[in-house]
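Chemist: Got a predicted model here, sequence first, then my questions.
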Amino acid sequence: MSRLCVGSSHAYKVRISIKTALGNQAYVWNDNEMYLFRAAMAFALRSYHNGQEFNVSNIMVCNETPRVSFWFVVSSPENSSVLLKKGDVENAIRKSRNRINGAFLLTDQTLEFIDIPPTLAAPVMPVTPPWLIVFGVVMGAVGAGIIFLLVSSLVQSKRKKNKKTLDEDREDMRGIENGLGCDNLGGVYNTTFSDGDKFTPM
């Protein structure tokens, strides 16, 4: 069945760089790894074509090299002599690209599907809508401003009250001091020299 792969316009080239990706932890590419690749592709095609049962036998490989590159084609699960359309294969790979990479501990740069550019993952949408986040920030700022004004008003009111009380205390102290001064101006009556001394006989 590999004859369907050789020279086919439906074939895709794969280039794998295990040493570049894993360095000293690199594993050896062998028949088991190739079987895993074919199984991963069958999984991707099953996920994309819901209801169609792709198997490892539908993934045919050819022109494999020691530097880990090869070509592959996908046959129809209904007729193994008919190759699947390239668009269907590409879409299946794009949909399960992360799962395929993860199976080999590789990335888009170290597991390359030539002529199938990697697609960026869909942006993660926040659980909370952006407008609600902005609204919350604005309301928080408004609430903080109101609290600040209330606290400032209370502090100013307390300061004025304390100042008024202090001024009243000062006025009372001045009144007391003035009262003491007036009493002192009246002097102290000395009974030693009373009017009765005028009539003391000589």
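Modeler: Cool, got the structure. Note that the structure is a prediction, hence the values are computed from the model and not measured. Numbers count the residues shown, from 1 in each chain.
Chemist: secondary structure element for the nearest residue to Phe70 once chain neighbours are set aside?
Modeler: Spatial nearest neighbour of Phe70, chain neighbours left out: Glu64 (4.0 Å); criterion: C-beta to C-beta, 6 or more residues apart in numbering. To be clear about C-beta, it is placed using only N, CA and C from the backbone, and glycine gets the same treatment. Applying DSSP states H and E as the criterion places Glu64 in strand 59-65.
Chemist: can you give me the strands in the chain?
Modeler: 12-16, 59-65, 69-74, 111-113 (DSSP state E).
Chemist: so can I have JSON lines of these showing mean neighbour count?
Modeler: Below are the strands of the chain laid out as JSON lines (neighbours: other C-beta atoms under 10 Å):
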{"stretch": "strand 12-16", "mean neighbour count": "17"}
{"stretch": "strand 59-65", "mean neighbour count": "17"}
{"stretch": "strand 69-74", "mean neighbour count": "21"}
{"stretch": "strand 111-113", "mean neighbour count": "20"}
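Chemist: Just checking, which helix or strand of this structure averages the lowest pLDDT?
Modeler: helix 130-185 (a mean of 74; mean pLDDT, DSSP states H and E).
Chemist: what sits against Ala44?
Modeler: 92-93, 95-96, 99-100 (C-beta atoms under 8 Å, 6 or more residues apart in numbering).
Chemist: Separate out the buried members of those.
Modeler: Those of those that meet the buried threshold are 92-93, 96, 100, by 16 or more other C-beta atoms under 10 Å.
Chemist: Just the closest of those residues to Asn24, please.
Modeler: Set against Asn24, the nearest of the buried ones among the contacts of Ala44 by C-beta to C-beta is Ile100 (23.8 Å).
Chemist: pretty sure that closest one contacts Ile93?
Modeler: Yes: applying C-beta atoms under 8 Å, one finds Ile100 in contact with Ile93, separated by 7.0 Å.
Chemist: Give me the common contacts of these two.
Modeler: Joint contacts of Ile100 and Ile93 (C-beta under 8 Å, 6+ apart) are 41, 44.
Chemist: next one: phi and psi at Glu53?
Modeler: When read as degrees, to the nearest 10, the backbone of Glu53 gives phi -100, psi 90.
Chemist: Show the model's pLDDT score for the closest residue to it other than its chain neighbours.
Modeler: Leaving aside its chain neighbours, Glu53 sits nearest to Pro77 (5.5 Å; criterion: C-beta to C-beta, 6+ apart). With respect to pLDDT, Pro77 scores 92.
Chemist: again, but for Ser194
Modeler: 51.
Chemist: No more questions from me, cheers.
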